[in-house]
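Trainee: Curious how this folds, go ahead:
(chains A and B)
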2 protein chains.
Amino acid sequence: MKLSELGEFGLLAELERRGLARGIEHDAAELGDGLVVTQDALVEGVHFRLDRMSWRDLGFRAAAVNLSDLAASGALPEGLIVTLGLPAETEVEDVLELYEGIAETAVPVVGGDTTAAPQVVVSVTALGRSERVPGRAGARPGDRLVVTGPLGAAGAAFREARYVRPPIRLDEGRLLAREAHAMLDVSDGLGQDAGHLAARSGCRVVIELERVPRAPGATVEDLGFGEDYELLAAVADPAGFVEVGRCEEGSGVDLLLDGRPVALTGYRHFG
Amino acid sequence: MKLSELGEFGLLAELERRGLARGIEHDAAELGDGLVVTQDALVEGVHFRLDRMSWRDLGFRAAAVNLSDLAASGALPEGLIVTLGLPAETEVEDVLELYEGIAETAVPVVGGDTTAAPQVVVSVTALGRSERVPGRAGARPGDRLVVTGPLGAAGAAFREARYVRPPIRLDEGRLLAREAHAMLDVSDGLGQDAGHLAARSGCRVVIELERVPRAPGATVEDLGFGEDYELLAAVADPAGFVEVGRCEEGSGVDLLLDGRPVALTGYRHFG
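Mentor: Numbering: from 1, shown residues only, chains lettered A, B, ... in the order given. As a prediction, the model looks like this:
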């Protein structure tokens, strides 16, 4: 069977079943003493195009998507490890710009590696410490769902061939992590990420799309695009965050727009 | 300027000078509490060819080269984070074989990510704890240089279009780390890696090549090939390890064969 037929989540399930890996679908790995580690790679032509994004934006983004996973774990970042794959004809100034973009996150680069590659690959590991990692499995019926900011910015930008930088919700993540029953970042699209939360927690998730704050220019469809990197948390008390839905008994996800069910297409890995 | 002109080590020096990154040339990053982290990526067509290596060997290697960096830091591994870039047409069985190869190292996979990519990319982060990281800067005149096993196996295999698995010297690394003044793994070739040690420690390194244990079929030239992943340590007392040279006042590296200087070509990043 081809990977494109099984899909990313099918592969991960098979790896867990065989005892070959665990925790791959989580935002971050936990290693005791509150240590939280996340790794994400950006591949040119798959995750980014350098004619739509500057080298500086690329550096910022490679760090930010990892820091977003730390945010979803309620962690305070301690350092980044940056592995770059670069074609030999890459301009040195471009590589320095990439590192300047990473430096804009204010999290220090403490190690890494550079290597030759046929196209640009940026693999970042982010390390942090968390006093409490909510995880994805603790949401329960009666919980209210909140988000940390507007969604749809990435989808709107993609339609207009623009690029927007992702937010990094570290402060919000640490605040929410104290009490949240479950939390993740919205990277695959609101429908899919709500689905991860519902499946892992064993509850039904209802989202009222008209309550979801939308970025300027974003349509309802853009909410399913993903890459927004706002946090979605299941909490007993919204505590000032924007409430967009709730958890109920059951399973699956209901996306409602003014009470009517709608479907949102999310990002398909290997699709 | 192109990256191919500046070279990897020139880039790293420029990054350190600008305060954009530190520790990139080290085997592993240290993050307090004895936590040691290393990240290395293997890119198809650059670091491996799947017509010369099985998927299982690839998995083992991706883990092993990182565990070798932990070994050079005297660390006990705690877990691996595996990010895979894979073409959509990849066979699921091949991916499972890759993970079986990782599992042969007996270090658990605790997280990671999979993503689409135009060719196979395996990026691994290894985490461990060390009571004492020797680093590369502490060698001093009078130190004796030891290796943990034979060199040249990778070079000999490359000449014969074979593949050999790297060793993982975790036990030896932890033993040597207790007392070693400096330690690294021989990944760039004996001449280059000895050069790193000499440059960072501010001493002159003399290697007597006839004392270096050679793998079956390996020539003297193969000692410069790299990818052997044995440890090279500067110690006051060889304590049973094979002595291959010494540190003296001065700078640079002398590679001597029966007393006559020889040159060994090492691996050139972006060359």
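
Trainee: Ignoring the adjacent residues along the chain, who's closest to the residue of the stretch 101-250 of chain A found nearest chain B?
Mentor: For the stretch 101-250 of chain A, the residue closest to chain B is residue A:111, as judged by C-beta to the nearest C-beta, at 3.0 Å. In this view, the C-beta of every residue, glycine as well, is placed from N, C-alpha and C. Here the nearest residue to residue A:111 in space, its sequence neighbours aside, is residue B:29; by C-beta to C-beta, 6 or more residues apart in numbering or on different chains that works out to 3.0 Å.

Trainee: In this structure the one you found contacts residue A:80, no?
Mentor: No: counting by C-beta atoms under 8 Å, residue B:29 does not reach residue A:80; the two are 9.3 Å apart.

Trainee: Can you confirm whether stretch A:41-60 lies near chain B?
Mentor: Yes: under the criterion of C-beta under 8 Å from any C-beta of the partner chain, chain B is reached by stretch A:41-60 at A:41, A:43, A:45-47.

Trainee: middle-most residue in chain A, spatially?
Mentor: residue A:187 (3.6 Å; C-alpha atoms, centre = their mean).

Trainee: what's the closest non-adjacent residue to residue A:217?
Mentor: Here the residue nearest residue A:217, using C-beta to C-beta, 6+ apart, is residue A:156, at 4.3 Å.

Trainee: ok so, going back, for the residues of stretch A:41-60 next to chain B, work out which two are farthest apart.
Mentor: A:41 and A:45 (12.9 Å; C-beta to C-beta).

Trainee: So which of the two has more stuff around it?
Mentor: residue A:41 (28 against 13; other C-beta atoms under 10 Å in any protein chain shown).

Trainee: The more buried one and residue B:114 touch, don't they?
Mentor: No: using C-beta under 8 Å, residue A:41 makes no contact with residue B:114, being 9.6 Å away.

Trainee: Need the single longest helix in chain A, by residues.
Mentor: helix A:55-72 (DSSP state H).

Trainee: so what's the spatially most distant residue from the centre of chain A closest to, chain neighbours aside?
Mentor: Note on chain A: the largest C-alpha distance from the chain mean falls to residue A:89, namely 31.6 Å (C-alpha atoms, centre = their mean). In space, and not counting its chain neighbours, residue A:89 is closest to residue B:2: 5.5 Å by C-beta to C-beta, 6+ apart.

Trainee: gap between that neighbour and residue B:43?
Mentor: Using C-beta to C-beta, to the nearest Å, residue B:2 is found at 19 Å from residue B:43.

Trainee: Between these two, point out the one with more neighbours.
Mentor: Neighbour comparison, residue B:2 and residue B:43: the larger count goes to residue B:43, with 21 against 12 (by other C-beta under 10 Å).

Trainee: In this structure that one contacts residue A:84, no?
Mentor: No: the criterion here is C-beta under 8 Å, and residue B:43 misses it with residue A:84 at 10.8 Å.

Trainee: as a whole number, average confidence for stretch A:113-130?
Mentor: Averaging pLDDT along stretch A:113-130 gives 90.

Trainee: is chain B contacted by that stretch?
Mentor: Yes: Stretch A:113-130 reaches chain B (C-beta under 8 Å from any C-beta) through A:113-119, A:121, A:123, A:125, A:127.

Trainee: then that stretch to CSV, C-alphas only?
Mentor: C-alpha atoms of stretch A:113-130 as CSV (Å, rounded to 0.1, in the frame of the first residue of the first chain):
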residue,chain,number,x,y,z
ASP,A,113,23.7,21.2,11.9
THR,A,114,23.9,22.3,8.3
THR,A,115,24.1,20.0,5.3
ALA,A,116,23.8,20.0,1.6
ALA,A,117,20.4,19.2,0.1
PRO,A,118,18.7,19.4,-3.3
GLN,A,119,16.2,21.9,-1.9
VAL,A,120,15.9,23.9,1.2
VAL,A,121,14.8,21.9,4.3
VAL,A,122,14.5,23.6,7.7
SER,A,123,14.1,21.2,10.6
VAL,A,124,13.7,22.7,14.0
THR,A,125,13.6,21.1,17.5
ALA,A,126,12.2,23.4,20.2
LEU,A,127,12.8,22.6,23.9
GLY,A,128,10.8,24.0,26.8
ARG,A,129,9.6,23.3,30.3
SER,A,130,6.0,23.1,31.3
